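coords please:
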Amino acid sequence: MSGETMRAVVSRGHGGPKVLGTETVRKPQVRGRKLLVRVRAAGVNPIDWRVRRGVARPVTALKRQRIPGRDVAGEVVAVGDRVEGFDVGNRVYAMLEGVFGGYAEYAVVGEDAASPMPENLSFEQAAAVPLAALTAVQALRGALQDLPHDCDAAPGRRRVLINGASGGVGTFAVQLARIFGTEVTAVCSASGAGLAEELGAQHVIDYREEDFARNRGCYDVIFDVAGNRSFSACRRALRRGGIYVTTEPVPRNFLWHVLTFPGDNRKGRVVIVWPSGRDLLLLKSLFEAGRMRVVLDSVYPLEEAAAAHAHVETGHPRGKIVLSVGG
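Model (predicted):
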């Protein structure tokens, strides 16, 4: 292969997984504060298939070729002229800016969005981390910091519920909620209960058997990772001053972000995750200290990205799905 080209998964049009195909495309160049990373593995996330189906059509319609993927792990092979914190050969992991570029042999990464990889993770494990774990850490940290000081629960007894605890974001959220010193309730299927307990959940609810939203006044934070329960449905399960966080950026959820119910100060909000090398460094330290682990559902070769999308979209992965880009 020429040094100016690379293999990449390209989405031609919007639709089902079959619009994805592996092609030879131009290899990107870097300058300024950008890194060129030789991608060894790329994470697969729900946002990838949603973009493929057209939820970001006003943006993606302007792109002639769309390379999905926001999570990468690999080695730095070139640096821009203003990069100060990384050198060629460094092993890094990162969440890409925008919604493109990870499913390829090379990807452009902003210096501030990258971090050295945890020493005890493989490329496949590291690629599973950025988007999902950053979503979890930014959502939970923000909600716990914003709980009122006069909240009924003492800081060490804050109760957090994770709805969708056995998925990609959920497995990280359970671990981080415990690290943040909270009492954790995990909501998942019966088959995921053992995993949730291994990750640190003190209580597990089988969503097929019990509706957590009926537990009135129980939780300080409800993190709706699954995105299938509204703030209005969950409000009564929150304690006074409690916060509901969702990953679903639909208009009604942004409305609850600015409104509260009179008399109880319960709040709803949407987490918008941002690339952050600083947060990835925090996560690196937690992985290396053995306080967190990665749950991998499966690893697909780059050429089977369509099958990986079908798995994420129609199944219920336990943990993360990753593409191995290979040598």
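
Show the pLDDT at Asp146.
pLDDT recorded at Asp146 is 89.

before we move on, what about Arg252?
52.

Ok, the one 4 residues further on next?
At Trp256 the predicted local distance difference test score is 54.

Wait, Gly80 touches Val30, no?
Yes: assessed by Cβ atoms under 8 Å, Gly80 is found in contact with Val30 at 4.8 Å. Heads up, the C-betas are built off the backbone N, CA and C, glycines and all.

who has more neighbours, those two?
Val30 (21 against 17; other Cβ atoms under 10 Å).

Phi first, then psi, for the more buried one.
Main-chain torsions, Val30, degrees, to the nearest 10: phi -130, psi 150.

Touching, it and Val76? I think so.
No: proximity of Val30 to Val76 does not meet the contact threshold set by Cβ under 8 Å, at 9.7 Å.

Quickly list what's touching both of these two.
Leu36 (Cβ atoms under 8 Å, 6 or more residues apart in numbering).

Packing partners of the helix or strand hosting Val39?
Using DSSP states H and E, Val39 falls within strand 34-44. Helices and strands touching strand 34-44, by 3 or more Cβ pairs under 8 Å, 6 or more residues apart in numbering; DSSP states H and E, are strand 71-79, strand 91-95, strand 106-110, helix 123-127, helix 130-146, helix 305-314, strand 320-324.

model confidence over it, on average?
Averaging pLDDT along strand 34-44 yields 98.

Just checking: what are the partner strands of it?
Using DSSP bridges, strand 34-44 pairs in its sheet with strand 71-79 (antiparallel), strand 106-110 (antiparallel), strand 320-324 (antiparallel).

give me the low-pLDDT residue ranges for the stretch 1-150 of the chain?
Counting by pLDDT under 70, the stretch 1-150 of the chain has low-confidence residues at 1-3, 56-65, 99, 149-150.

so who does the residue nearest the centre of the chain touch?
Geometric centre of the chain, nearest residue: Ala132, 1.7 Å, by Cα atoms, centre = their mean. By Cβ under 8 Å, 6+ apart, the residues touching Ala132 are Gly43, Asn45, Asp71, Gly168, Val169, Thr171, Phe172, Lys320.

Give the other helices and strands that the one helix or strand the fifth one maps to contacts.
When you say that, I think you mean Val169. Per DSSP H and E: Val169 is located in helix 168-179. On a contact count with 3+ Cβ pairs under 8 Å, 6+ apart, helix 168-179 meets helix 130-146, strand 159-163, strand 183-188, strand 320-324.

Mind exporting the C-alpha coordinates of stretch 24-41 to CSV?
Extracted in CSV, the C-alpha atoms of stretch 24-41 (Å, rounded to 0.1, in the frame of the first residue of the first chain):
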residue,chain,number,x,y,z
THR,A,24,-8.7,2.5,0.2
VAL,A,25,-8.8,6.3,0.9
ARG,A,26,-6.3,9.1,1.3
LYS,A,27,-4.2,9.0,4.5
PRO,A,28,-4.6,12.1,6.6
GLN,A,29,-1.9,14.6,7.4
VAL,A,30,-1.4,16.6,10.6
ARG,A,31,-0.3,20.0,11.6
GLY,A,32,-0.7,22.4,14.6
ARG,A,33,-1.7,20.6,17.8
LYS,A,34,-2.8,17.4,16.1
LEU,A,35,-1.4,13.8,16.3
LEU,A,36,-1.5,11.2,13.6
VAL,A,37,-2.2,7.9,15.2
ARG,A,38,-1.7,4.5,13.7
VAL,A,39,-4.9,2.9,14.8
ARG,A,40,-4.7,-0.6,16.3
ALA,A,41,-8.2,-0.8,17.6
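
Which of the helices and strands packed on strand 34-44 sits closest to Arg53?
When the helices and strands packed on strand 34-44 are compared by Cβ to Cβ, helix 305-314 sits nearest Arg53, at 8.5 Å.

What is that closest one packed up against?
Looks like helix 305-314 contacts strand 20-26, strand 34-44, helix 46-53, strand 296-301, strand 320-324 (3+ Cβ pairs under 8 Å, 6+ apart).

ok, and for that helix, which residues are buried?
Buried residues in helix 305-314, counting neighbours by 16 or more other Cβ atoms under 10 Å, are found at Ala305, Ala306, Ala308, His309, Ala310, His311, Val312, Glu313.
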